[in-house]
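Q: fold the stuff below for me.
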Amino acid sequence: MICMCWSLLTNSYCSKQFTGLTSMDISVSSLPVQVLPPVNFTLTVSALAQVLLHWEPNPAQEQNNSTIRYDVKILSPVPEEYDTGRTHSVRTAALHDGFSARVRTLLLQEDLEVCSDWLEANLPPLPGAAGTSVTNLSCVTRVTIPGNVSLCCTWLPGQGAPEDTKYFLFYRYEAHTEECPTYTKDKWNRNIECRFSRTQIKPGEIDNLIVIHINGSSQRAAIKPFQQLFNQNAIEKVNIPRNITISLQQNDLLAMWEKPISPFHEECFEYEFYLVNLKSGNKQILRIPSNSFRVRVDVSSRYSIRIRANHNHICRATGFWSDWSEIIYVGQNKLENSTAWMLTLLCVSTSCTFLLVAIICKINHVWSKLFPPIPTPSNKFRDPFPIDYERARTCTSSTETEVSSLAEGFSCSVLDDSVF
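A: Below you'll find the model as predicted:
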């Protein structure tokens, strides 16, 4: 088949694809009637992040036993090109930055396909101040019970969003649209997280899209909405494996568990096995394709085990790994290690006991009662001339005074006798 584009203005054509022929084999005279572009091309927002493209055939177009189809090209936000025999098309896309598309007529006659000029239409970006949209939007789904899927989304406020901004989240799955019932707020009381405990999302579906739309309000600025599409497979967080049993059989460690809560069968999962030798400190993460595992271990050591799950590529695209299971311990260390621990514990206990006894004794003055002070021995041989040092000092002072007075008196008497 040959596809050619016919221009009414230049009366020329361009080849799109050739099968077995070259452009030199085609002459303008061999072309069919002129091909006219469609008319009344419109773009209508029919749901969150959903656009209805609609056009009408050109009433002046002659068909002449030819087949008419339409070539559609999405220009933004994500380029895409396809053809259809209908006069309408529905596309899902994030619309916060606008949407642009083209359509043209394709006329098929025998092995020749001729196309008209393009007809273009645009949707303007959603209104709002720059920098006020949310950023870092992240969403996770989880199968809580068979038949029910929860949804949790987190985001950051836009750098240009005022402190009084209120964000509101909506999700759309197929034809169902719902607003978030439960929000978590930041210190400025702005919504930054949303949780749906129950949704209309169908567990086990493959390649379905989940549309997230977040708008907002503020008294200081117009908040620009934000939309993002998530593949259902890519954001599902698998549940933790169930009923894990670990045992030691001779020199082997044997582990068994059940698949997580999920509509998928056992062969749709893979597992990671986290094994830690608590004696040597050696750590291993092993990828396991089934729900049982056997490995050779040192039976004289003690081990800790954790397991987590994810979908494998056989059934669907890989999503988020589950959380790790609770730690399970198995085995015990060698006897000498236990003895060392016992001796250490005994020494610590003994030291603490002695310290406690010492404190109690000090508080109750037991030491002074148990060990009273040794008295000084008495002297049986008394000094016949005991000296009272204080009295001696006083008496000496008085004696010296009396002697001095007596000397003065004596001197005067001698002088008088010598004169007469």
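
Q: alpha carbons only for contacts and neighbour counts from here, please
A: Noted.

Q: need the strands for the stretch 201-350 of the chain, in chain order.
A: In the stretch 201-350 of the chain, the segments counted as strands under DSSP state E, counting those that start in this stretch are 209-217, 226-231, 242-249, 252-258, 269-277, 283-288, 292-296, 302-311, 328-331.

Q: okay, how far is it across stretch 115-135, tip to tip?
A: Start-to-end span of stretch 115-135 (CA to CA, to the nearest Å) is 42 Å.

Q: that stretch: which residues count as buried?
A: Across stretch 115-135, burial judged by 16 or more other CA atoms under 10 Å covers 115, 116, 117, 118, 119, 120, 122, 123, 128, 132, 133, 134.

Q: out of those residues, which are inside strands?
A: 115, 119, 120, 122, 123 (DSSP state E).

Q: show me what the nearest residue to the third one once chain neighbours are set aside is bridged to.
A: If I follow you right, that is residue 120. Distances taken as CA to CA, 6 or more residues apart in numbering place residue 102 nearest to residue 120, at 4.2 Å, with adjacent residues excluded. Beta-bridge partners for residue 102, by DSSP bridges, are residue 73, residue 120.

Q: quick check: residue 102 vs residue 312, distance?
A: Relative to residue 312, and taking CA to CA, residue 102 is found at 39 Å.

Q: then residue 234?
A: 12 Å.

Q: now swap in residue 150 and tell me
A: 21 Å.

Q: give me the more crowded residue out of those two.
A: Taking other CA atoms under 10 Å, residue 150 and residue 312 do not tie; residue 150 has more neighbours (19 against 16).

Q: the more buried one touches residue 141, doesn't it?
A: Yes. Using CA atoms under 8 Å, residue 150 is in contact with residue 141, at 5.5 Å.

Q: could you find the closest non-adjacent residue to residue 304?
A: Residue 304 sits nearest to residue 329 (CA to CA, 6+ apart), 4.5 Å away.

Q: hang on, the earlier thing: just put the buried residues of stretch 115-135 in CSV and tack on distance to residue 166.
A: Below are the buried residues of stretch 115-135 laid out as CSV (distance: CA to CA, whole Å):
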residue, distance to residue 166
115, 49
116, 48
117, 46
118, 42
119, 40
120, 36
122, 30
123, 26
128, 14
132, 11
133, 11
134, 11
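
Q: thinking the residue nearest to residue 120 is in contact with residue 116, fair?
A: No. Residue 102 is beyond contact range of residue 116, at 11.6 Å (criterion: CA under 8 Å).

Q: what is the mean pLDDT for stretch 284-296?
A: Here stretch 284-296 scores 91 as its mean pLDDT.

Q: which residues does residue 236 contact?
A: 140, 141, 142, 319, 320 (CA atoms under 8 Å, 6 or more residues apart in numbering).

Q: make a markdown table out of the residues you listed and add neighbour count, distance to residue 239 and pLDDT.
A: A markdown table is the format used below for the contacts of residue 236 (neighbours: other CA atoms under 10 Å; distance: CA to CA, whole Å; pLDDT from 0 to 100):
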| residue | neighbour count | distance to residue 239 | pLDDT |
| --- | --- | --- | --- |
| 140 | 19 | 12 | 96 |
| 141 | 25 | 10 | 95 |
| 142 | 22 | 7 | 94 |
| 319 | 20 | 11 | 84 |
| 320 | 18 | 10 | 91 |
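
Q: narrow these to those in helices?
A: Assignment to helices by DSSP state H places none of those there.

Q: closest to residue 279 out of the residues you listed?
A: Proximity of these to residue 279 (CA to CA) peaks at residue 320, which lies at 32.0 Å.
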